[in-house]
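> Sharing a sequence plus its predicted fold:
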Amino acid sequence: MGERLKGKNAVVTGAGRGIGRSIALALADEGANIVVCDLGGATDGTGADRAPADAVVAECHELGVKAVAHYGDVADFKAAEDMVKTCIGNFGSIDILCNIAGIFNIKMIFDMSEKEWDRVIAVHLKGTWNLTRHATPLMREQRYGRIINCASVEYAGLMPTVGHANYVAAKGAIVSLTYATAREMGQYGVTCNAFTPGARTRLFRDWAVKTVEAGLVSQELYDEWIKMETKKSPDESYTAPFIAYLASDAAANINGCIFSTMGASLGVWSRPEIVREIPRDWEKQGKWRFEEIEKLVPQKLLVGYVNPAPPQADRE
């Protein structure tokens, strides 16, 4: 057990299983006291079970730190506030916030219900904002804090997957929220970063199975995913040490970054940037004309562009 986080107090959401659990234990292993937040539901957000959070609390105690469980829903504004208050009430301060909780459901965008959209957005995006909203006034006052959010490689369109526009939209918004929080809170000694994990998790396995069941991918592609996952992706514990590092004083000057923790590799994402541009002097040349755009876009702006999802005649 290390002492790099000794005396620090952390709230970790989604901490009952998977990546959240591994992060909670990694922070505890460096001496942090932990509020283990987990509703204990299924991957689609249904149900509740206190056992996962209680089990992680017991594991934290074995590491010699203080830990308490919270069974609330991160999508509930008041419940999120109570998670932060639980940390203050039990440990005296909140120094670290890890927003890891998440769910998903499989539906093509043209079949997705409003409820299915709202629930995923509420857990991922609103849940991240809820905890951040309640933690930041306290971190601002103490002039110290570490906020770490969980994003996804799919927000950048790198995974050739379909059937969860709600999840991808939420993760992309979390990236933007991370940038905004970093800008607003950095002056107070509070950092905010995010990571895009890749590991053999319950969420990934359930998602892969349900995409096959929904007919969105073939059994052959599913088998290829599982084979690749088994060969290239370690379990979720590989991500956790890096998150413990981001939560430490060693990362005090790291703010507003989106990191990749794919397998055992570490990387940092670039921010969006304009890679090609057609300049125009609006005062002298006025508005673009349709015929100009029609000619210049393929010649100048989209050189080498390939449509990632062209129309298919056999699709209904």
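On my side now, so go ahead. Numbering: from 1, shown residues only.
> Select the longest strand from the chain.
Ranked by residue count under DSSP state E, the longest strand found in the chain is strand 190-198.
> Could you check what's spatially nearest to Leu138, not counting adjacent residues?
Excluding the flanking residues, the one nearest Leu138 by C-beta to C-beta, 6 or more residues apart in numbering is Ile94, at 5.6 Å. No exception for glycine: its C-beta is placed from N, CA and C like everyone else's.
> looking at it, the one you found is touching Cys87, isn't it?
Yes - look at Ile94 against Cys87 with C-beta atoms under 8 Å: they come within range, at 4.5 Å.
> Please enumerate the shared neighbours of the two.
Listed as contacting both Ile94 and Cys87 by C-beta atoms under 8 Å, 6 or more residues apart in numbering are 9-11.
> any idea of the mean pLDDT in the longest strand of the chain?
For strand 190-198, the mean pLDDT works out to 94.
> Using PDB, list the CA coordinates for it.
Written as PDB, here are the backbone C-alpha positions of strand 190-198 (Å, rounded to 0.1, in the frame of the first residue of the first chain):
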ATOM      1  CA  VAL A 190      -9.000  22.200  -9.100                       C
ATOM      2  CA  THR A 191      -8.200  20.000 -12.100                       C
ATOM      3  CA  CYS A 192     -10.600  18.200 -14.400                       C
ATOM      4  CA  ASN A 193      -9.600  15.500 -16.800                       C
ATOM      5  CA  ALA A 194     -11.300  12.600 -18.500                       C
ATOM      6  CA  PHE A 195     -10.200   9.200 -19.900                       C
ATOM      7  CA  THR A 196     -11.500   6.800 -22.600                       C
ATOM      8  CA  PRO A 197     -11.100   3.200 -21.300                       C
ATOM      9  CA  GLY A 198     -10.800   0.000 -23.100                       C
END
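> For that strand, which helices and strands make contact with it?
Here strand 190-198 touches helix 127-142, strand 145-150, helix 165-185, helix 240-246, strand 258-262, going by 3 or more C-beta pairs under 8 Å, 6 or more residues apart in numbering; DSSP states H and E.
> Going by neighbour count, which residues of the first one are buried?
It refers to helix 127-142. Buried residues in helix 127-142, counted by 16 or more other C-beta atoms under 10 Å: 127-132, 134-136, 138-140.
> orientation of it relative to helix 165-185 in degrees?
Using axes from the mean of the first three to the mean of the last three C-alpha atoms, to 10 degrees, the inter-axis angle of helix 127-142 relative to helix 165-185 is 10 degrees.
> Between strand 190-198 and helix 127-142, find me the angle.
For helix 127-142 against strand 190-198, the angle by the same axes, to 10 degrees is 150 degrees.
> quick one: contacts of helix 127-142?
Residues from elsewhere that reach helix 127-142, judged by C-beta under 8 Å, 6+ apart: 11, 13, 73-77, 80-81, 83-84, 88, 93-95, 97, 99, 101, 145, 147, 149, 174, 177, 181, 185, 188, 190, 192.
> Report pLDDT for Met228.
Note for Met228: predicted pLDDT of 56.
> Tell me the buried residues within the contacts of helix 127-142.
Neighbour-count burial (16+ other C-beta under 10 Å) applied to the contacts of helix 127-142 gives 11, 13, 73-77, 80-81, 83-84, 93-95, 97, 99, 101, 145, 147, 149, 174, 177, 181, 185, 190, 192.
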